[in-house]
Each structure stands twice: as C-alpha cells, then as structure tokens.
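**Q** no sequence for this one, just the structure:
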C-alpha cells in the first residue's frame, strides 16, 4: 500500500496473472459443478411460474384455477381408461394455444436419458389397451425465452379416423401417453419408467441447459394447423372425433428430471457452455 492507504496499480505482468487466476477459478467452479452433477444426483423440479399463456380457440377449461393447476406435480390416474378431468389440475390451451413455463430457482440440464416430462390427460378407450385418445402438442425449449428450439416430431397419417387412435401415428409430440403419477398414489413424476406422460431429452436438440419450456397445441385442419415433416397436417382423435368443439391440449404439469440450482451454476453455464 502507498502512503494514502491505496494499493499501487498492478504491473501488466501481475495484471495478466490475476486475470488468468480469475479465469482458472471460474473454470474450476464450472468443473466442480459438472462433476458434482454427474457423480452425485441431479435435483428434480417443477416450473416456478407461467411466463405467457396464449389461449387458442375454445380455451377456458381450468381458467379459474390458473396458474396453480399447471405448476407443481401431475395428478394422474392408475386407471388408464379413466383420466383425470378436473379443472383443479388441467388447463385447456385451446386450438393452437400455447403456454410458456419458466424455471426460476433452477435450470433444466442435460442428464442421462430424458430431462423433461410433459403431462396431459390422454386415455385408452375401454376395451382397446393398444389405442389412445390423445390431444397433441409440440414442445420447444429455450435458454432466454426468445430463441426457441422445437423437439423433432412427426405425424404419420393412417388414412382412417379409427387409425388415429394408434400411438404409432405420433412421434415426438406431447399428449400421447396416459399419466399415472399423482401425489395421491406416490408414483414419482420424475421416473419416466412409471410416471406416464411424454418425455424429452435435451441432447436431442443439442442444448446443455434450458430455463423455458413451451407447449403448443397442434391445432386442427384449417385452424392453427401444424404441418409435420411427413407433409401431413397433424391430426388426432381429440380433433377428429369430438362431438363438441375441441378445447385442444389439456396441460397437467411439466417436470424437470434433471436440474441444478440456478444461483449456483447458471452464470458459469452461460459463459462456458
């Protein structure tokens, strides 16, 4: 220190050394976080808030309980022929409607296997265990809420209305598999082997972490229709066979199977990803 109690300016050599030390400490912190997440267990979490909800045609079911009915765990049914149909637990997006959910206290990270599960309320028609009555949606993810990457999907038109009940028609879409997980039965929403719902792997879209998940109803012919890579308009039993106008995808919950505390690692992931 000089006579006035201030530190003298660093020489270029010492400044470079201090800068390098800071960089090494940041890298070490990142490596530690990565090793911790790999060698120990990932956290598991739900979105903290709804960033936006753009209601589609015929939306409204579940509105009195929004947004709590789409935050937190799913409330499925052990009987795949009798799905949950409560407004307390579901929000109808409407035809072509979309919703963006944000992880604030955590970030979703790419771990082993699937990283996100989206829960709707599809069900198996009574007496037809190989079929499913579904209302489909695309799923996209983002790190900043502005730049989105959609998980690859496809639709294979069976050529008949009855054929739409086959899960084989749908690839990479949410709303296909019945939901079994519920706080009332103890089935974990973080284990895709037993939870039901439709799971997605961040490795598929090449992102190491995300904060936002967007779910968008695929629409129907002539109304917010989604064209699949196969060239066909995405169709599903919810659009083709409802006697009453469809209200689209019914969101129950979104679960992060692999997450880390946002305050602990987010800055390093952003700088050094």
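**A** Sure thing, it's come through. Small disclaimer: the values here were computed from a predicted structure and weren't measured. Residues are numbered from 1 along each chain as shown.
**Q** tell me what residue 250 is bridged to.
**A** residue 92 (DSSP bridges).
**Q** test my guess that it contacts residue 92.
**A** Yes: using C-beta atoms under 8 Å, residue 250 is in contact with residue 92, at 5.2 Å. Glycine gets a C-beta too; all of them are placed from N, C-alpha and C.
**Q** joint contacts of those two?
**A** 61-62 (C-beta atoms under 8 Å, 6 or more residues apart in numbering).
**Q** who has more neighbours, those two?
**A** Shown here are residue 250 and residue 92; by other C-beta atoms under 10 Å, residue 250 has more neighbours (26 against 23).
**Q** tell me the contacts of the more buried one?
**A** So residue 250 contacts 61-62, 90-93, 120-121, 135, 175 (C-beta under 8 Å, 6+ apart).
**Q** what's the closest non-adjacent residue to residue 221?
**A** Spatial nearest neighbour of residue 221, excluding adjacent residues (C-beta to C-beta, 6 or more residues apart in numbering): residue 233 at 5.6 Å.
**Q** how about residue 126?
**A** Nearest to residue 126 is residue 81, by C-beta to C-beta, 6+ apart, at 5.1 Å.
**Q** where does the one you found fall, helix, sheet strand or coil?
**A** coil (DSSP: H, G, I helix; E, B strand; the rest coil).
**Q** give me phi/psi at it?
**A** phi -90, psi -10 (degrees, to the nearest 10).
**Q** assess the claim that it and residue 122 are in contact.
**A** No: between residue 81 and residue 122 there is no contact under C-beta under 8 Å: 11.0 Å.
**Q** looking at it, residue 225 is touching residue 232, isn't it?
**A** No: counting by C-beta under 8 Å, residue 225 stays clear of residue 232, with 10.2 Å between them.
**Q** measure residue 99 to residue 45 for me?
**A** 18 Å (C-beta to C-beta, to the nearest Å).
**Q** follow-up on the earlier one: I figured the residue nearest to residue 221 was touching residue 223, is that so?
**A** No: the pair residue 233 and residue 223 does not pass the contact test of C-beta under 8 Å, sitting 10.5 Å apart.
**Q** if we can go back for a sec, contacting residues for the residue nearest to residue 126?
**A** Contacts of residue 81 (C-beta under 8 Å, 6+ apart): 123-126.
**Q** how close does it get to residue 125?
**A** In terms of C-beta to C-beta, residue 81 sits 7 Å off from residue 125.
**Q** and residue 216, by the same measure?
**A** In terms of C-beta to C-beta, residue 216 sits 26 Å off from residue 125.
**Q** more neighbours: these two, which one.
**A** residue 216 (25 against 14).
**Q** that one and residue 240, how far apart?
**A** Taken as C-beta to C-beta, the span from residue 216 to residue 240 is 19 Å.
**Q** which stretches of this structure have low pLDDT?
**A** 1-41, 241-245, 264-273 (pLDDT under 70).
**Q** can we see that at 80?
**A** 1-41, 240-245, 263-273 (pLDDT under 80).
**Q** direction included, what does the longest strand belonging to it pair against?
**A** For the chain, the longest strand by residue count, based on DSSP state E, is strand 253-261. Paired strands of strand 253-261, with direction, are strand 43-45 (antiparallel), strand 106-109 (antiparallel), strand 116-119 (antiparallel) (DSSP bridges).
**Q** okay then, goodbye and thanks.
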